[in-house]
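Asker: A structural model of the following input is requested.
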Amino acid sequence: MAGAQFEYDESGGTFLYFLTSVWILFLLPVTYYLWPKGQVEEEKRLKKLEKVHNRSLWYQLKLDKTRSKAKSTAKKAVLTIGWIIFLILAYKSSQVERDHVEYDPYEILQIDRGASQAEVRRQYRSLSLKHHPDKGGDEDTFRRIAKAYQALTDEETRKNWEEYGNPDGPQATTFGIALPKWIVESKNSMWVLAAYGVVFMVIMPVAVGTWWYRSIKYSADQVLLDTTQLYYYFFNKTPNMNVKRAVMILAASFEFEKGHNHEVMERPSDNVELPQLMRELSQLNEKSKERPLCYPYSIKARCLVHAHFSRIELPPKTLELDRQLILRKCPTLVQEMVQVVAQLVALAHAGRVSNLPRLETIENCMKLSQMTVQGLWDNKSPLLQLPHIREDNLRHFVSKRRNVRSIRQLATMDEKDRRALLRNMTDEEYDDVMEVIKNFPIVEMDVQSLVLDDEDTYTITAGAIVTVNCKLKRQSMESVVSQGVEEPPAADVDEEVEEEEQPEKVNKPKPWQKNKKGKQKAGKAKKKPNKPQHQQGKKQQQNGACPQDKKEGENNRIQEVKAVKEEESSNSDSEDDPDRDNTEDGSGSDDQRQSEDDDDNWDALQARISRKEKVLETKSKISHTVHAPYFPEEKQEWWWLYVADRKKHSLITAPCMVTSLKDEEEVELKFAAPDKPGTYQYTVCSRSDSYLDFDVMKTIKLDVKEAKEAVDAEAAWNLSEDEDENNDEEEEISDYETDDEEED
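Answerer: Numbers count the residues shown, from 1 in each chain. Below you'll find the model as predicted:
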């Protein structure tokens with residue numbers, strides 16, 4: 001009976017196969033993720049952004065990173081060495097001799113498979129004479145030749161060879177283990193067990209535990225849970241929070257504390273540089289005794305954030321590096337603050353917390369994001385977001401001749417007036433300002449309130465779920481930059497049209513005023529002595545100043561009489577045959593209305609399905625690059641969208657972050673209508689997280705009706721049973737009653 005025999009790889013051939021396979025499985029993903037790729041495309045992209053963002057801090061940092069090729073060169077060298085090692089292992093594996101070779105007696109005797117017995121004997125004799133040991137031949141070769149001859153001539157031996165592949169019959173199965181023999185030797189068994197114990201009982205549990213401990217400390221947005229709890233505490237404690245207080249809470253985040261973040265650096269030079277910086281900053285409130293607002297890390301972060309808002313230069317190798325680290329984390333932390341306030345509002349409406357945060361609190365947090373990206377206080381002029389404009393230049397923007405307070409006002413100015421206003425700049429600086437202005441956004445918002453999943457989508461009842469459909473359209477400010485031609489305002493044009501149309505309406509003769517024309521004209525002449533010439537001409541035409549007009553008037557009256565007679569005749573015909581009118585006009589109009597309603601319902605259904613599909617799609621976070629000259633990281637334009645009640649200073653819907661507004665975007669906001677009928681006014685707000693003074697607000701009014709009364713299910717069932725009984729009685733009468741009985 002065949003057995004199994006395990007042989008350890010003494011030569012290392014099988015182990016080479018194993019090692020080569022493991023090495024390529026490791027090398028392929030490492031090469032895919034670590035090989036420097038897209039460097040040329042990144043350089044091209046930065047080249048396109050150079051015209052607008054060449055003075056930005058993040059642009060200079062990214063440009064220096066692409067120019068320093070030492071790291072990418074080191075990665076390429078390490079990966080190249082790894083592939084060289086793989087090629088060496090593959091070559092050595094290919095040179096390993098195969099241990100198992102199929103036994104072939106024809107190959108040993110060097111004859112064809114179709115050779116006859118005579119040819120086999122003849123070849124055996126010639127080879128045995130040649131390789132016989134007595135004649136100086138090899139003994140192993142002679143033994144193999146004799147065994148091959150026996151396999152082809154002896155019936156039993158030939159049967160063993162054909163069935164088992166060996167003339168001797170079934171053999172033991174041999175396995176090669178891809179491990180060196182010294183690993184499983186008895187003298188090394190203790191060391192091998194110790195190595196297994198260290199790897200599987202010490203290293204792996206420690207690695208998994210460390211990963212798990214670090215992962216549970218962060219939320220899905222990579223914000224420390226301790227920081228989130230800190231926000232909950234302070235926003236619940238201070239429901240009406242101003243911007244200065246929000247800055248203190250932001251600086252107290254545990255991401256800036258060395259015990260929670262190993263990237264934070266504490267230098268001995270901080271003891272000298274920070275006190276000097278604190279003397280330059282006002283309203284720092286460093287003497288506060290609230291914890292953790294009074295901790296050293298919080299005061300340091302607050303100083304650096306205040307210095308960023310005040311645009312104060314810091315030592316480049318110490319505090320500037322710390323400020324860049326803090327600013328990179330601020331946008332994510334501000335988003336967490338907004339979410340925390342929105343959740344507290346929901347909890348307050350549910351009765352789970354006592355203090356309801358005001359609308360100003362969440363909007364101040366949003367302003368904090370704008371201030372962080374632009375490096376500017378919220379009470380400063382938004383014109384300071386432009387390059388080459390300083391605070392001492394702002395006095396020229398507000399004077400008796402002009403009142404320019406926003407970037408859009410500056411963009412819509414006449415080219416000559418704008419150049420005269422910025423006359424202190426060189427042509428190169430002026431071109432920089434205009435390129436940046438053209439990059440700023442203009443967002444238009446179209447708002448529509450509906451009640452989906454209802455028969456009448458435009459009727460809002462008490463307690464219904466209102467869906468506010470917001471369509472955002474973004475275009476660059478280049479479209480409104482004036483090039484020297486100013487269009488008249490639309491309001492002025494409308495007033496001129498109204499002035500032209502209004503006299504025609506006033507001077508139009510009315511039937512009941514025909515007998516009193518002279519008196520009315522005289523009265524009008526006294527009230528309005530100075531009238532335009534074109535109005536007087538119209539009046540003369542109405543008063544019959546021209547004989548030709550009289551004839552035309554008589555002809556018109558004759559035509560009117562004929563038309564009246566025709567209408568009377570048509571009405572008499574319709575009265576004579578009313579059924580014909582109903583069948584001809586009514587059926588066609590009803591069918592047309594029904595088809596139009598069906599088409600409208602189908603279009604609304606398709607639009608609703610497409611909106612649901614868009615909600616399920618993964619939203620991109622790439623929109624437009626923000627002009628942020630003092631921010632250390634490239635920032636994309638994102639927008640908060642929410643509904644607010646400004647009369648009650650309350651938030652109605654949780655802010656929705658729109659991250660993919662390139663050209664157009666459609667967003668749905670849902671909230672419950674008030675419980676009491678009436679007219680309510682809300683504000684739909686679109687607020688930028690990157691720019692100051694670019695927010696858009698739309699006012700919507702909801703006319704809330706009384707909710708429809710719910711039909712009593714038990715009464716409906718009873719009514720249906722009564723109807724069924726009546727129908728059954730009628731059927732019984734119709735089945736068993738004769739014609740004579742019906743006549744009686």
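Asker: Quick one: distance of the one helix or strand Glu360 maps to to the chain centre.
Answerer: Assigned by DSSP states H and E, Glu360 belongs to helix 359-374. Helix 359-374 has its C-alpha centroid displaced from the chain centroid by 20 Å (CA atoms, centre = their mean, to the nearest Å).
Asker: tell me what that helix is packed against?
Answerer: Applying 3 or more CB pairs under 8 Å, 6 or more residues apart in numbering; DSSP states H and E, we find helix 359-374 packed against helix 243-251, helix 296-309, helix 319-349, strand 639-645, strand 650-651, strand 678-688. For the C-beta atoms, the positions are set from N, CA and C on the backbone; glycine is no exception.
Asker: Which other helices and strands does the third one contact?
Answerer: The reference is to helix 319-349. Using 3+ CB pairs under 8 Å, 6+ apart, helix 319-349 sits against helix 225-237, helix 243-251, helix 270-280, helix 296-309, helix 359-374, strand 650-651.
Asker: Put together a markdown table for these, with mean pLDDT on each row.
Answerer: Listed next are the helices and strands packed on helix 319-349 as a markdown table, based on pLDDT from 0 to 100:
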| stretch | mean pLDDT |
| --- | --- |
| helix 225-237 | 94 |
| helix 243-251 | 94 |
| helix 270-280 | 91 |
| helix 296-309 | 94 |
| helix 359-374 | 95 |
| strand 650-651 | 94 |
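Asker: ok, back up a step: show me which residues of the following helix or strand past the helix holding Glu360 are buried.
Answerer: Using DSSP H and E, the helix or strand that follows helix 359-374 in sequence is helix 407-411. For helix 407-411, the neighbour count (16 or more other CB atoms under 10 Å) marks 407-408, 410-411 as buried.
Asker: need the residues you listed in CSV with distance to Glu119 and pLDDT, can you?
Answerer: Shown next, in CSV, are these (distance: CB to CB, whole Å; pLDDT from 0 to 100):
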residue, distance to Glu119, pLDDT
Ile407, 102, 93
Arg408, 104, 92
Leu410, 106, 92
Ala411, 103, 91
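Asker: ok so, going back, pick the most deeply packed of the helices and strands packed on helix 319-349.
Answerer: Of all those, helix 359-374 has the most neighbours on average by mean count of other CB atoms under 10 Å, namely a mean of 24.
Asker: what's the angle from it to helix 296-309?
Answerer: 70 degrees (axes from the mean of the first three to the mean of the last three CA atoms, to 10 degrees).
Asker: ok and helix 359-374 relative to helix 243-251, angle-wise?
Answerer: On the basis of the same axes, to 10 degrees, helix 359-374 is oriented at 70 degrees to helix 243-251.
Asker: what angle sits between helix 359-374 and helix 225-237?
Answerer: 140 degrees.
Asker: and the angle from helix 359-374 to strand 678-688?
Answerer: Interaxial angle, helix 359-374 versus strand 678-688 (the same axes, to 10 degrees): 20 degrees.
Asker: With Glu435 as the reference, name the closest of the helices and strands packed on helix 319-349.
Answerer: Of all the helices and strands packed on helix 319-349, it is helix 359-374 that lies closest to Glu435, at 17.3 Å by CB to CB.
Asker: Restricting to C-alpha, output that closest one in CSV.
Answerer: Extracted as CSV, the C-alpha positions of helix 359-374 are listed here (Å, rounded to 0.1, in the frame of the first residue of the first chain):
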residue,chain,number,x,y,z
LEU,A,359,-29.1,81.4,15.2
GLU,A,360,-26.3,83.9,15.8
THR,A,361,-24.2,81.2,17.5
ILE,A,362,-24.0,78.9,14.5
GLU,A,363,-23.5,81.8,12.1
ASN,A,364,-20.6,83.1,14.1
CYS,A,365,-19.0,79.6,13.8
MET,A,366,-19.4,79.8,10.1
LYS,A,367,-17.8,83.2,10.1
LEU,A,368,-15.0,81.7,12.0
SER,A,369,-14.3,79.4,9.0
GLN,A,370,-14.3,82.4,6.7
MET,A,371,-11.9,84.3,9.0
THR,A,372,-9.6,81.3,9.2
VAL,A,373,-9.3,80.8,5.5
GLN,A,374,-8.8,84.5,4.7
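Asker: Output the below-cut-off pLDDT ranges for the stretch 501-650 of the chain.
Answerer: Low-confidence segments of the stretch 501-650 of the chain, defined by pLDDT under 70: 501-619.
Asker: ok, now with 90
Answerer: 501-623 (pLDDT under 90).
Asker: Now Ile389. Nearest residue, chain neighbours left out?
Answerer: Leu383 (5.6 Å; CB to CB, 6 or more residues apart in numbering).
Asker: err, Lys147, not the other one
Answerer: Nearest one to Lys147, counting by CB to CB, 6+ apart, is Pro167 at 5.9 Å.
Asker: Hmm, Lys159 and that neighbour touching each other?
Answerer: No: counting by CB atoms under 8 Å, Pro167 stays clear of Lys159, with 9.4 Å between them.
Asker: coming back round to it: how about the helices and strands packed on helix 359-374 in TSV, adding distance to Leu661?
Answerer: Formatted as TSV, these follow (distance: least, CB to CB, whole Å):
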stretch	distance to Leu661
helix 243-251	25
helix 296-309	26
helix 319-349	16
strand 639-645	6
strand 650-651	22
strand 678-688	9
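Asker: closest one to Lys217 among the ones you listed?
Answerer: Here helix 319-349 is closest among these (CB to CB), at 14.2 Å.
Asker: list the buried ones in that closest one?
Answerer: Residues of helix 319-349 classed as buried: 319-320, 322-327, 329-331, 333-345, 347-348 (neighbour count, 16+ other CB under 10 Å).
Asker: One more: stretch 463-473?
Answerer: Buried, per 16+ other CB under 10 Å, within stretch 463-473: 464, 466-470, 472.
Asker: min pLDDT across the residues you listed, which one?
Answerer: On pLDDT alone, Ala464 ranks lowest of those, at 88.
Asker: so what's that one up against?
Answerer: Contact analysis of Ala464 by CB atoms under 8 Å, 6 or more residues apart in numbering lists 451, 454, 672-673, 707.
Asker: hang on, the earlier thing: tally up the residues packed near the residue nearest to Lys147, please.
Answerer: Residues lying near Pro167 (other CB atoms under 10 Å) number 20.
Asker: In a markdown table: the buried residues of stretch 463-473, plus distance to Val120 and secondary structure.
Answerer: Formatted as a markdown table, the buried residues of stretch 463-473 follow (distance: CB to CB, whole Å; DSSP: H, G, I helix; E, B strand; the rest coil):
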| residue | distance to Val120 | secondary structure |
| --- | --- | --- |
| Ala464 | 100 | coil |
| Val466 | 99 | strand |
| Thr467 | 94 | strand |
| Val468 | 97 | strand |
| Asn469 | 93 | strand |
| Cys470 | 94 | strand |
| Leu472 | 92 | strand |
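Asker: before we move on, back to that, pLDDT score assigned to the residue nearest to Ile389?
Answerer: Per-residue pLDDT puts Leu383 at 94.
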